[in-house]
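Colleague: How does the following fold in three dimensions:
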Amino acid sequence: MFFIANVSPRSTGKTTNSAWMSHALHERGRKVIGFDADDSRQFSRWQAAGTYPFVVQQAATSAFHMNVPQMIPAGFEDGIGVVDVGHLEDHKGVGASVLRLADLAVINLPPSMNDVERMEELPTKEFIQDTAPLRPDSQPPATWVLLCKAPTGVNEIKQVREYLEDEGYNVFTTVVPSVVKYMRTHEGSDIQAKGSVFDELVTEMEERGLLP
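Modeller: Alright, predicted model coming up:
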């Protein structure tokens, strides 16, 4: 299974992004399983209360890398697992365990310098890189920043993007705006990803060769 880990140092809308990303991948014909690696269990609650066409497994444990391979159903070995990871500031053990399996780490980041500073205080890049010796290939997962919860028409988006790229980060061109369509995602929400920004994100991932 190919694992996408949605990470961040603190609350950034990861559950919303995980839910929409999973739907977008499913609507492209991908086999998808969601993994809830956050003690809040929000992702799995949303799935249980809604009409998701895929399951979400609860897996908020520092033994994620050992337990989850046993949770993959037969026939899903070539699928995609989207992981909603708890805040790295408070759940370092869980985050490190998820990153031992992750093929793609997506740093979910609002485009503000305050959030960039918070990311660097952890520091997030080094946290991901430090998992390399624990991985089979001794290399960190491919890592990309997804700018999200972005106000429209704000120059700071450009400023943050340029800063991150100067610091050596890969940054998706796709930006998730702070709009009602995404902000009001909750338990029981009916998600149709076609035509959404997450549909665009999956296209970008495919074009960049980030997906199997």
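Colleague: these two touch, right, residue 131 and residue 93?
Modeller: No - Residue 131 is beyond contact range of residue 93, at 11.7 Å (criterion: Cβ atoms under 8 Å). C-beta: built from backbone N, CA, C; applies to glycine.
Colleague: got the residue ranges for the strands in this structure?
Modeller: 2-7, 32-37, 56-58, 80-85, 104-109, 142-147, 170-171 (DSSP state E).
Colleague: helices or strands next to the third one in the packing?
Modeller: Looking back up the chat, that one is strand 56-58. strand 32-37, helix 42-49 (3 or more Cβ pairs under 8 Å, 6 or more residues apart in numbering; DSSP states H and E).
Colleague: quick one: which of the ones you listed is nearest residue 77?
Modeller: Among the helices and strands packed on strand 56-58, the nearest to residue 77 by Cβ to Cβ is strand 32-37 (11.1 Å).
Colleague: Could you list the low-pLDDT ranges of the chain?
Modeller: Applying pLDDT under 70 to the chain flags the ranges 153-154.
Colleague: that older thread, minimum distance to residue 126: which of the strands of the chain has it?
Modeller: Here strand 142-147 is closest among the strands of the chain (Cβ to Cβ), at 11.2 Å.
Colleague: Tell me the helices and strands packed up against the closest one.
Modeller: If you count contacts as 3+ Cβ pairs under 8 Å, 6+ apart, strand 142-147 packs onto strand 104-109, helix 156-166, strand 170-171.
Colleague: Now do it against helix 156-166, angle only.
Modeller: Calculated by axes from the mean of the first three to the mean of the last three Cα atoms, to 10 degrees, strand 142-147 forms an angle of 160 degrees with helix 156-166.
Colleague: Next, the residues that contact strand 142-147 from outside, please.
Modeller: Here strand 142-147 makes contact (Cβ atoms under 8 Å, 6 or more residues apart in numbering) with 17, 103-111, 125, 128, 157, 160-161, 164, 169-172, 174-176, 201, 210.
Colleague: What strands line up against that strand, and which way round?
Modeller: Here strand 142-147 is paired, per DSSP bridges, with strand 104-109 (parallel), strand 170-171 (parallel).
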